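Trainee: kindly return the folded structure for what I paste below:
(one chain, ligands or ions: 1)
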Amino acid sequence: MDKDLRRLLNPALQQIQPYKVEGGQQADIKLNQNESPFDLPLWMKDAILEEFKHEPWNRYPDILPYRGIDAYAEFVGISSDSVMMSNGSNEMLYTIFLACLAKGSRVVIPEPSFSLYEKLALLLQAEIVAVPMHEDLGFDVPEIIRKAKEQEAGLIVLSTPNNPTSKSLSYEEIRRIVTEVDAIVLVDEAYVEFSRETSALGLVREMPNLIVLRTMSKALALAGMRIGFAITNPRLLSEIAKPKIPFTSSRLAEITLSHVLRNYSLVNDAVRYILDERFRITEAMKKIGWIHAFESDANFIIIRVPDAKKVFSFLSEEGILVRNVSGYTLMENCLRFNIGLKEENDCLLEKLRMMT
Ligand SMILES: Cc1ncc(COP(=O)(O)O)c(C=O)c1O
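Mentor: Numbering: from 1, shown residues only. Model (predicted):
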């Protein structure tokens, strides 16, 4: 762009890039966005569309989508005034970052983490206090606490299980961080349904500085519907709601959510399938000598290979799309792929064995 025009824009734009999905979003076997391999069954889609037909499409949805909020609050067993709904959890991340950060404020982000955190912090001209993970990709809890205190950070963002490392914090570790720091702690639980650890939701009532973020895009298989939630105490919620874009949750999203929550046994079945496959694939990968498979706590697996670029290209030529996450700190020559259908996973294994 013309240099003069750039001068008129937010200077932070010089440091960030538009969001991209390397390799695109089309493939015979698509394992690169941590989605669910199971779409909703047609009978449920029909029931959702039937209900949606009778909505007034000419009328705005509620500013606060209370139907979706009430349904999710009841599902997780918390009062509705502790819950806010958004158009995907990405949108909620924008809202929470806007509410918590301003130019010069400090935010602790373990490294590597979900890339949007850094981008939002840069946009808001906040200072990022990066805390590297351990070599095994696990969180360095004492260092997160130490840095947050030393730097007087106002916000700490923890993705657990973490994208892209697939490692988690325990309930006790989260409690320790939230208790010891003088900061808002945002716990992004996008992959919690696949985790061996207990959700931090149980801490929301007793910890005034804790916000839990949830997405319906992963275990609930609604990535195309765009639904996310923040859960925190009502006082903090009313503050972080202030920058929220009004009317972002559509009537269709609210209706869809209610149907999926009413049929949650389907989600449980899908999660069980994915966890069985996660175990099977990890064990199989361990038998391929040139691959190091990290133990995963999410619906995706990280592997380290001798040459990630070469393996990524070979797989894409074979119609399998994974994510090359080699650019992240500590993740040199690492690839990330989510668990797909059994036959898709078998195909991935077969192609990798062919490379031996
Ligand atoms: C850790 C984490 N948080 C949030 C999101 C965003 O999810 P969505 O906007 O679909 O709710 C993702 C998506 O991959 C993620 O990995």
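
Trainee: which bits of the stretch 1-150 of the chain sit near the ligand?
Mentor: Taking CB under 6 Å from any ligand atom as the contact definition, the stretch 1-150 of the chain meets the ligand at 34, 88-90, 114. C-betas here are computed from N, CA, C, even on glycine.

Trainee: between those residues, which sits nearest Ile227?
Mentor: Ile227 lies nearest to Gly88 out of these, by CB to CB, at 6.7 Å.

Trainee: who's in contact with that closest one?
Mentor: Taking CB atoms under 8 Å, 6 or more residues apart in numbering, we find Gly88 in contact with 215, 217, 226-228.

Trainee: so which of the residues you listed comes closest to Ala99?
Mentor: Nearest to Ala99 among these: Gly228, at 15.0 Å, using CB to CB.

Trainee: hmm, that closest one is touching Glu91, no?
Mentor: Yes: Gly228 lies in contact with Glu91 (CB atoms under 8 Å); the separation is 6.5 Å.

Trainee: the two - which one has more neighbours?
Mentor: Higher neighbour count among Gly228 and Glu91: Gly228, with 26 against 18, using other CB atoms under 10 Å.

Trainee: name the nearest residue to the more buried one, ignoring sequence neighbours.
Mentor: Of all residues not flanking Gly228 in the chain, Ser89 sits nearest, at 3.1 Å (CB to CB, 6 or more residues apart in numbering).

Trainee: what's the pLDDT at that neighbour?
Mentor: Note on Ser89: pLDDT of 98.

Trainee: hang on, it packs against Arg226?
Mentor: No: taking contacts as CB under 8 Å, Ser89 lies outside contact range of Arg226: 9.2 Å.

Trainee: from Ser80, how far off is the residue lying closest to Met331 once chain neighbours are set aside?
Mentor: The shortest distance from Met331 to any non-neighbouring residue, by CB to CB, 6+ apart, is to Val325 (5.2 Å). Val325 sits 38 Å away from Ser80, taking CB to CB, to the nearest Å as the criterion.

Trainee: quick one: the helices in the protein, in order.
Mentor: Under the criterion DSSP state H, the chain contains helices at 3-6, 42-53, 66-76, 89-100, 115-123, 141-150, 171-180, 234-240, 251-262, 264-286, 308-317, 342-354.
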